[in-house]
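Novice: Below: sequence and its predicted model.
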Amino acid sequence: MSKVKPYKNSDLGKKEQVTKMFDTISGDYDGLNRVISFGIDVKWRKKVVKIVSDCYPKTVLDIATGTGDLAINLAKTNAEKIIGLDISSGMLEIGKEKIKKKNLEARIEMILGDSENMPFEDNTFDAITVAFGIRNFETLEKGLKEILRVLKPNGTFVILETSMPDKTPFKQGYIFYTKNILPAIGRVFSKDRSAYKYLCESASVFPYGEALNNILHKIGFINVEDFPQTFGVATIYVSSKP
């Protein structure tokens with residue numbers, strides 16, 4: 001689990017800090033995401049949707065759904081029901097407006113909830129996704145166990161998360177960008193200057209590649225694979241439940 005905290009002087013736990021942080025930056029989040037990723041995150045999400053589509057799911061859960069970008073894209077899978085779960089009410093409210101504008105309210109439901117204690121029965125979903133949110137879990141293994149619990153047997157679990165490029169010069173360029181450029185963009189455009197500093201720091205210490213694969217295996221997921229994206233600045237992980 002990452003020990004990086006959004007607010008270094010706060011007495012709140014990580015979960016409460018993350019909730020507060022995302023509530024504060026919710027209005028800036030979508031626009032800043034496009035800027036800091038040069039729009040490439042849209043392409044990554046499309047790949048996640050393709051992986052989920054190939055499983056022909058009827059029910060899909062998008063954890064840490066935020067403003068609903070991935071949940072909305074998952075409507076292209078023709079799933080009958082898509083649920084977006086997030087701990088931030090501020091992010092969800094923006095997501096609900098986006099869903100309403102696209103007339104997807106009958107298929108996509110946004111729920112306020114904790115990914116480590118979800119309000120769902122065992123074996124509920126055919127597919128579960130989480131994009132750029134798993135590193136914000138207060139306790140990574142607890143969250144993954146909860147995901148395994150609500151995923152149906154043979155169901156598909158897909159993670160999209162930042163990672164560290166291994167090869168020169170991409171690794172050096174990534175480190176410079178995340179330590180210097182990203183926080184600067186956040187300071188200029190975001191209401192919360194600490195938020196994007198935290199997001200960069202949390203990404204730098206979160207396990208990726210084989211390390212995250214091993215954690216997934218340990219929890220009980222099978223058929224674990226990872227697919228680095230764009231020189232390794234992000235990775236898609238695919239696994240399933242026995």
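Specialist: Sure, I can see it.
Novice: and the helix or strand K96 falls within, what does it pack onto?
Specialist: Here K96, judged by DSSP states H and E, is contained in helix 89-101. Packing partners of helix 89-101 (3 or more C-beta pairs under 8 Å, 6 or more residues apart in numbering; DSSP states H and E): helix 14-36, helix 69-73, strand 81-86, strand 108-112. C-beta: built from backbone N, CA, C; applies to glycine.
Novice: what separates that helix from the chain centre, distance-wise?
Specialist: 16 Å (C-alpha atoms, centre = their mean, to the nearest Å).
Novice: and if you look at stretch 85-92?
Specialist: For stretch 85-92, the distance to the chain centre is 12 Å (C-alpha atoms, centre = their mean).
Novice: and it, average pLDDT?
Specialist: For stretch 85-92, mean pLDDT is 95.
Novice: who's in contact with that stretch?
Specialist: For stretch 85-92, the surrounding residues in contact (C-beta atoms under 8 Å, 6 or more residues apart in numbering) are 15, 18-19, 22-24, 26-27, 29, 61-68, 84, 95, 110-115, 118.
Novice: Partner strands of the lengthiest strand in the chain, with direction?
Specialist: Longest strand of the chain, by residue count under DSSP state E: strand 151-162. Strand pairing for strand 151-162, using DSSP bridges, gives strand 125-131 (parallel), strand 234-240 (antiparallel).
Novice: The first one vs strand 81-86, what angle?
Specialist: Okay, so that is strand 125-131. 40 degrees (axes from the mean of the first three to the mean of the last three C-alpha atoms, to 10 degrees).
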